[in-house]
Each structure stands twice: as C-alpha cells, then as structure tokens.
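A.B. asks: below is the structure, and that's it, no one-letter string:
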C-alpha cells in the first residue's frame, strides 16, 4: 500500500477536498494523509461543496505536516504555490507533484455567494486526483 500526502497552506479546503477524492479513487491502494504548513481548521464551505458530490469530509481534521515526520511517503502532492514553496524536504523516496488550484476559501461571503467558486475548484481537484490515481496507483 502506498502512502500519499496532500499538502496545502492551512489544510482547510483544497487539501481536504483532494484527500476526500483520493480516498474515493484510490480505495485500498493507498493510505491518504492531508496536512498544512499551518492549520486553519476544516472549512465548512468545503465540507458543503464535497457533500454536494457525495463525499463526506466532515470528520476530517486539520493537521500540521510536522505530525507526519515519521511516515515514509511515496507521493507528496502540493495543491497551492505557498505550500510548494514552504514544503519541507522529506527524507524519503517521495515523488512530488504540484498543481496550484484556485482558493475559494479566500472569498468573502457565505457559501451561496461563493458556491460556483467552490464547485469549480472542487471539480478541478476531482479531475486531477482521478487522473493521479489512474497514472500513479
């Protein structure tokens, strides 16, 4: 079984969405982790956007990358430029991937006002993670 880490700035939105889709698409082929270079808590708007696609991430926690220092990752996927720049060097064989997804969490307003932005980012992440699993796992 492969170990996959998804890394973002605060582990609140994009990395949580990616975590949810990777669990769905990878099944028992991989153990999925997500973390941030900081922790901001789970974004309720991301939870709602994922629920609309049938994925429940409401029980996920916001974790700091330092919590996983002892895990030998096979893959590290950064989902924002900030995390890529601040990503620690993993003393392992981890193959690194990067894609800077737009951050709908930065938009002011409630979910209904920002629903399109959340759905757009969610769908980009969904496609990327599905392709990642098909290519790498």
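C.D. replies: Cool, got the structure. None of these values were measured; they are calculated from a predicted model. Residues are numbered from 1 along each chain as shown.
A.B. asks: surely residue 8 is in contact with residue 40?
C.D. replies: No - using Cβ atoms under 8 Å, residue 8 makes no contact with residue 40, being 9.3 Å away. C-beta: built from backbone N, CA, C; applies to glycine.
A.B. asks: which one of these two has more residues nearby?
C.D. replies: Neighbour totals were compared for residue 8 and residue 40, and residue 8 leads with 31 against 14 (other Cβ atoms under 10 Å).
A.B. asks: distance of residue 75 from residue 65?
C.D. replies: Residue 75 sits 14 Å away from residue 65, going by Cβ to Cβ, to the nearest Å.
A.B. asks: which one's more surrounded, these two?
C.D. replies: Ranked by neighbour count (other Cβ under 10 Å), residue 75 and residue 65 place residue 65 first, with 23 against 20.
A.B. asks: between the two ends of stretch 65-76, how far is it?
C.D. replies: 11 Å (Cα to Cα, to the nearest Å).
A.B. asks: give me the contacts around that stretch.
C.D. replies: The contact list for stretch 65-76 (Cβ atoms under 8 Å, 6 or more residues apart in numbering) reads 2-5, 7, 30, 33, 35-37, 87-88, 90, 92-97, 136.
A.B. asks: same thing but at 7 Å, please
C.D. replies: 2-5, 7, 33, 35-37, 88, 90, 92-97, 136 (Cβ atoms under 7 Å, 6 or more residues apart in numbering).
A.B. asks: give me the nearest residue to residue 21, chain neighbours excluded.
C.D. replies: Nearest non-adjacent residue to residue 21, counting by Cβ to Cβ, 6 or more residues apart in numbering: residue 129, 4.0 Å away.
A.B. asks: and the one you found, what does it touch?
C.D. replies: Contact analysis of residue 129 by Cβ under 7 Å, 6+ apart lists 18, 21, 22, 25.
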